[in-house]
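Visitor: Here's my sequence, what's the structure:
(2 chains)
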Number of protein chains: 2
Amino acid sequence: MNSREVRLERRPQGAPVREDFSIAQVAVPAPAAGEVQVRNLWMTMDPAMRGRMSDARSYVPPLELSRAMEGPAVGEVVASGDPAFAPGDLVWSRLGWREAFTAPADRVQKRARTLPPQAYLGFAGMTGLTAYVGLLHVAALKPGDVVFVSAASGGVGSVVCQIAKLKGHRVIGAAGGPRKSAFLTEVLKLDAAIDYKAEPSLTKALARAAPEGIDVYFDNVGGDHLQAALSIANPRARFALCGMISQYNATEPSAAPRNLTQAVTKELRLEGFIALSHLHHEAQFLADVTAWHAAGQMVQAETVYDGIDRALDAFDGLFNGEGLGKMLVRLGDAAA
Amino acid sequence: MNSREVRLERRPQGAPVREDFSIAQVAVPAPAAGEVQVRNLWMTMDPAMRGRMSDARSYVPPLELSRAMEGPAVGEVVASGDPAFAPGDLVWSRLGWREAFTAPADRVQKRARTLPPQAYLGFAGMTGLTAYVGLLHVAALKPGDVVFVSAASGGVGSVVCQIAKLKGHRVIGAAGGPRKSAFLTEVLKLDAAIDYKAEPSLTKALARAAPEGIDVYFDNVGGDHLQAALSIANPRARFALCGMISQYNATEPSAAPRNLTQAVTKELRLEGFIALSHLHHEAQFLADVTAWHAAGQMVQAETVYDGIDRALDAFDGLFNGEGLGKMLVRLGDAAA
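Guide: Have a look, this model is predicted:
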């Protein structure tokens, strides 16, 4: 069995370009004892991968050069040398950016067929867990809270919005462009959507959308979105700082909120978090999102690219504003 | 009895100037039933007063124009129309910026003679309570934490430093100029002092002073100090945001930390607070600081100005970097 894989060849300066990567074809060996051979069905992109392409110190080690990129993927077991896995099993791994692989069985995790396979890369995966723990545990959502979400049509943001809505909250989402704004109000049923590209002042737009102020801000963006949230926050509002995508490709530090004194006078709490520190909530999370999906309260916001040749287009979609929801690359169809 | 008082005549633009104020002489009436007549001994200045001189919305209402400034003071009862008070009682009020006053008895609070009178304007007053709740409750100091304090020789900062030291922590303080740095290491016995005026990079200076990183940052300054703390913070460090004196006199929003993404990747918690929300800790606080003072573990950092004519010099001392510790104005000597 052969597989194509995307390799990181040099560390991007600013926005990644095609020349930073290569696509290589490799042979995938039959599994030895204790190994599984997997054909990936879907792989996905996270903004955090941009950090791993650099060699800066972070909470996960940088990616190695001239090796296949790593990222979340779901696939099917083709052949197994481990008694815990059988051909046809659906498995999740971090061994994406390749069409197929053979690896020790402890590098993959079995997933139920209850949900569509790609859900485990979105609302039922680390993306969903990030939304879930950030909103419910870090920001400690409580009854009556008005919730503001930036990058609200994105992978994490769209799940935050849906959880807050199904729990009965007033939810305001910000996203770029009319297509995303329409998605927020028409598909996710938010109370208000802000198209930040069409607003000369994000703070004024948020003040109009939230005349009663906001109590929770789920920050995926930083910069001007964080500044607007600080201005409109009610006393003792809680901010879950999940990511600051406005900063990831910056070659020098970019604009910062100039109104942090609001955090003092309004006694705000701003707390950064990473989902990996909250894995103890994973079982409850998976039970909750599975139930919400069954009840029709949770959909996957996604943009699908076909074939591994489109992997970098999908990655670009995270940053260029074109992608809506999770960026997914379809690598194959589930076995008939 | 006559009294001189400092009045706010117009709202300052940027740093307050003499023309924003007047000094008026008024007659102080004898107390009616339910009133007390008080001669102030000491009054003090807080950076937060700068906010009340403006008419911006905050957690306390703005000061009225052509009325006496308000601020913490301690004085002695001269005559009393209320059975709960007798001549000679030491009382605390917010009716400072005047030499004497007559007011309803519920506007003053009795204080013990256990501590020097001006201590109730410093380490045993709202200043001390701010330090105490910010360090112990908001930042939730725990054993082994390395503590960084900005404006460390100031009224609040000097108490934060002393509490952290007496609890056995490694403490690094930042202040401006060699005189304040020497005070931090020689009088307050800090482990390291950073003279930010002498350092081209506050971040590099903090990295040298805290090679093991910092776990708690008590922020009185904002701006570049907050940026340095974000860079040097250890994972899950807690920041108590107490005030951002670098911003108070700014007529337009000033530089903000450009590295807030550190709060995400290191899971930092930044929490603003005001002491008024923590009055339920006041009794324990007063018992603790009284005991620490008796044990020689708590001194008052102070700069004393004599006479109400010096009130604005004392206020300037908060912002021009000349004042060390609490800015105090001595208005009279305790009755013999």
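Visitor: distance of the nearest residue to A:N40 once chain neighbours are set aside from A:Q118?
Guide: Excluding the flanking residues, the one nearest A:N40 by C-beta to C-beta, 6 or more residues apart in numbering or on different chains is A:G75, at 3.8 Å. Glycine gets a C-beta too; all of them are placed from N, C-alpha and C. Distance from A:G75 to A:Q118, counting by C-beta to C-beta, to the nearest Å: 11 Å.
Visitor: what's the overlap in contacts for these two?
Guide: Common contacts of A:G75 and A:Q118 (C-beta atoms under 8 Å, 6 or more residues apart in numbering or on different chains): A:41-42.
Visitor: So these two - more neighbours on which side?
Guide: A:G75 (29 against 22; other C-beta atoms under 10 Å in any protein chain shown).
Visitor: What separation do you get for the more buried one and A:L328?
Guide: Per C-beta to C-beta, A:G75 is found 13 Å from A:L328.
Visitor: which residues are common contacts for these two?
Guide: Residues touching both A:G75 and A:L328 (C-beta under 8 Å, 6+ apart) are A:W42.
Visitor: My guess is A:R113 contacts A:L90. True?
Guide: Yes. At 6.1 Å, A:R113 and A:L90 qualify as touching, with contact defined as C-beta atoms under 8 Å.
Visitor: ok, those two, which is more surrounded?
Guide: Ranked by neighbour count (other C-beta under 10 Å), A:R113 and A:L90 place A:L90 first, with 20 against 10.
Visitor: Pop out the phi and psi values for the more buried one.
Guide: When read as degrees, to the nearest 10, the backbone of A:L90 gives phi -90, psi 130.
Visitor: Not counting its neighbours along the chain, what's nearest it?
Guide: Take A:L90 and drop its neighbours on the chain: the residue closest to it by C-beta to C-beta, 6+ apart is A:R111, 4.7 Å away.
Visitor: and that neighbour, how many neighbours?
Guide: Neighbour count of A:R111, defined by other C-beta under 10 Å: 18.
Visitor: Name the helix or strand for A:A164, please.
Guide: helix A:155-166 (DSSP states H and E).
Visitor: contact partners of that helix?
Guide: A:44, A:46, A:122-123, A:127-128, A:130-132, A:134-136, A:141, A:147, A:149-152, A:171, A:173, A:175, A:184, A:188-190, A:216, A:218, A:220, A:242-243, A:292, A:297-299, A:301, A:325-327.
Visitor: Average pLDDT for that helix, rounded please.
Guide: Averaging pLDDT along helix A:155-166 yields 97.
Visitor: what lines up beside the helix or strand that it is followed by in the sheet?
Guide: Remark: after helix A:155-166, the chain's next helix or strand is strand A:170-175, criterion DSSP H and E. Sheet partners assigned to strand A:170-175 using DSSP bridges are listed as strand A:146-149 (parallel), strand A:192-195 (parallel).
Visitor: just those: most buried one?
Guide: Greatest average neighbour count among the strands paired with strand A:170-175 goes to strand A:146-149 (a mean of 29), per mean count of other C-beta atoms under 10 Å in any protein chain shown.
Visitor: List the contacts of that one.
Guide: So strand A:146-149 is contacted by A:135, A:141, A:157, A:160-161, A:164, A:169-174, A:206, A:210, A:212-218, A:220, A:229, A:232, A:234 (C-beta under 8 Å, 6+ apart).
Visitor: Return the helix or strand in chain A with minimum mean pLDDT.
Guide: None of the helices or strands of chain A scores lower by mean pLDDT, DSSP states H and E than helix A:245-248, at a mean of 61.
Visitor: Return the list of helices and strands in contact with the helix or strand that comes right after it.
Guide: Toward the C-terminus, helix A:245-248 is succeeded by helix A:261-265 as the next helix or strand (DSSP H and E). Here helix A:261-265 touches helix A:223-232, strand B:269-272, going by 3 or more C-beta pairs under 8 Å, 6 or more residues apart in numbering or on different chains; DSSP states H and E.
Visitor: how about the last one, does it reach chain A?
Guide: Translated: strand B:269-272. Yes. Using C-beta under 8 Å from any C-beta of the partner chain, strand B:269-272 reaches chain A at B:269-272.
Visitor: ok, that strand: who's next to it in the sheet?
Guide: Partners of strand B:269-272 in the sheet, by DSSP bridges, are strand A:269-272 (antiparallel), strand B:233-241 (parallel).
Visitor: Quick check: residues of chain A near chain B?
Guide: Residues of chain A lying close to chain B (C-beta under 8 Å from any C-beta) are A:51, A:58-59, A:222, A:226, A:235, A:241-244, A:247, A:253-274, A:277.
Visitor: State the pLDDT value of A:A237.
Guide: Reading off the model, A:A237 has pLDDT 98.
Visitor: How about the contacts made by it?
Guide: A:A237 makes contact with A:213-217, A:229, A:266, A:268-269, according to C-beta under 8 Å, 6+ apart.
Visitor: Any chance of TSV for those residues, columns pLDDT and neighbour count?
Guide: Output for those, formatted as TSV (pLDDT from 0 to 100; neighbours: other C-beta atoms under 10 Å in any protein chain shown):
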residue	pLDDT	neighbour count
A:G213	98	16
A:I214	98	25
A:D215	98	22
A:V216	98	27
A:Y217	98	27
A:A229	97	30
A:K266	96	19
A:L268	98	24
A:R269	98	20
